[in-house]
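Enquirer: Model the following, please.
(chains A and B)
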Amino acid sequence: EAQVTQNPRYLITVTGKKLTVTCSQNMNHEYMSWYRQDPGLGLRQIYYSMNVEVTDKGDVPEGYKVSRKEKRNFPLILESPSPNQTSLYFCASSKVVASGNYEQYFGPGTRLTVT
Amino acid sequence: DQQVKQNSPSLSVQEGRISILNCDYTNSMFDYFLWYKKYPAEGPTFLISISSIKDKNEDGRFTVFLNKSAKHLSLHIVPSQPGDSAVYFCAASAMDSSYKLIFGSGTRLLVRP
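Expert: This is a model prediction of the structure:
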């Protein structure tokens, strides 16, 4: 089954304790990205990756890091989490459709609480 | 400054009637628009899209209309079903950065039996 998986699904942590949220896709997509969803703000892009070893900042990259060592994996790293990073996080991978545009497939989400 | 706006946080519709969800955008470079549907505890799933060269795209009960001059698009669901109850996100991308989607804040649709 084609899918994007994320782990963990739920995480409660304390300020400053480094954490990693994993993301994996089995569709051989080159493009992957991370979003956070906050009430009233929709989904905002944190980082994206066009291919292995190619990553770039999205709209809200502060406090986050990513890596893309393999095509299928795109982990999100919070080196020193803070309470304002409490949010719902989604990983996505994209396929290019006939028009040349991208359609994104999302993982199930990771709800992170930083106290 | 939100480039994609969904001004109605929620909408309630009777089963069998039409649901109309609206979305406005400000960036004239946007040329591809998508609607995503999200159930609780799940990620958004792609529903329907439209390119700026069209003004309508239909897929079963779902139709998206695009009015470029007004920078407005809408999603029509006819007939609405209780299983359509979800949060709907409008998203847009521009030709020079088609990989980057800008999302609206979402509209929660409730279809009453």
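Enquirer: Up against chain A, what does chain B have?
Expert: With Cβ under 8 Å from any Cβ of the partner chain as the criterion, chain B meets chain A at residues B:2, B:4, B:6, B:9, B:32, B:34, B:36, B:41-46, B:49, B:51, B:89, B:91, B:93, B:98-101, B:103-106. All C-beta atoms are positioned from the backbone trio N, CA, C, and that covers glycine.
Enquirer: Out of those residues, which sit inside strands?
Expert: Secondary structure of those is defined by DSSP state E; positions in strands are B:4, B:32, B:34, B:36, B:45-46, B:49, B:51, B:89, B:91, B:93, B:98-101, B:103.
Enquirer: Please, a PyMOL command that selects the buried ones among those?
Expert: Only the buried entries of these go into this PyMOL selection, using 16 or more other Cβ atoms under 10 Å in any protein chain shown:
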select buried, chain B and resi 4+32+34+36+49+89+91+93+98+99+100+101+103
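Enquirer: what about the helices in chain A?
Expert: Along chain A, counting by DSSP state H, no stretch forms helices.
Enquirer: tell me, what residue is most central in it?
Expert: The centre of chain A sits closest to A:Trp34, judged by Cα atoms, centre = their mean, with a distance of 2.6 Å.
Enquirer: Quickly list what it is bridged to.
Expert: In this structure, A:Trp34 has beta-bridge partners A:Tyr47, A:Cys91, where bridges are defined by DSSP bridges.
Enquirer: residue contacts, it?
Expert: Taking Cβ atoms under 8 Å, 6 or more residues apart in numbering or on different chains as the contact definition, A:Trp34 lies against A:23, A:45-48, A:58, A:64, A:66, A:74, A:76, A:89-92.
Enquirer: Just the mean pLDDT for stretch A:5-18, thanks.
Expert: Stretch A:5-18 shows a mean pLDDT of 97.
Enquirer: What residues of it count as buried?
Expert: Neighbour-count burial for stretch A:5-18, counted by 16+ other Cβ under 10 Å, picks out A:Gln6, A:Leu11, A:Thr13.
Enquirer: Nearest to chain B, out of these: which one, please.
Expert: The shortest approach to chain B among the buried residues of stretch A:5-18 belongs to A:Gln6, at 8.3 Å (Cβ to the nearest Cβ).
Enquirer: Touching, the closest one and A:Thr22? I think so.
Expert: Yes - between A:Gln6 and A:Thr22 a contact is recorded at 6.7 Å, counting by Cβ atoms under 8 Å.
Enquirer: Tell me how far the residue nearest to B:Arg112 when sequence neighbours are not counted lies from B:Trp35.
Expert: Spatial nearest neighbour of B:Arg112, chain neighbours left out: B:Gln14 (5.4 Å); criterion: Cβ to Cβ, 6 or more residues apart in numbering or on different chains. B:Gln14 sits 21 Å away from B:Trp35, taking Cβ to Cβ, to the nearest Å as the criterion.
Enquirer: What of B:Cys23?
Expert: For B:Cys23, the distance to B:Trp35 equals 8 Å [Cβ to Cβ].
Enquirer: In terms of neighbours, single out the busier of those two.
Expert: Residue environment comparison for B:Cys23 versus B:Trp35 gives the larger neighbour count to B:Cys23, 25 against 22, counting by other Cβ atoms under 10 Å in any protein chain shown.
Enquirer: residue of chain B with the smallest distance to chain A?
Expert: Taking Cβ to the nearest Cβ, chain B has B:Gly43 as its residue nearest chain A, at 3.2 Å.
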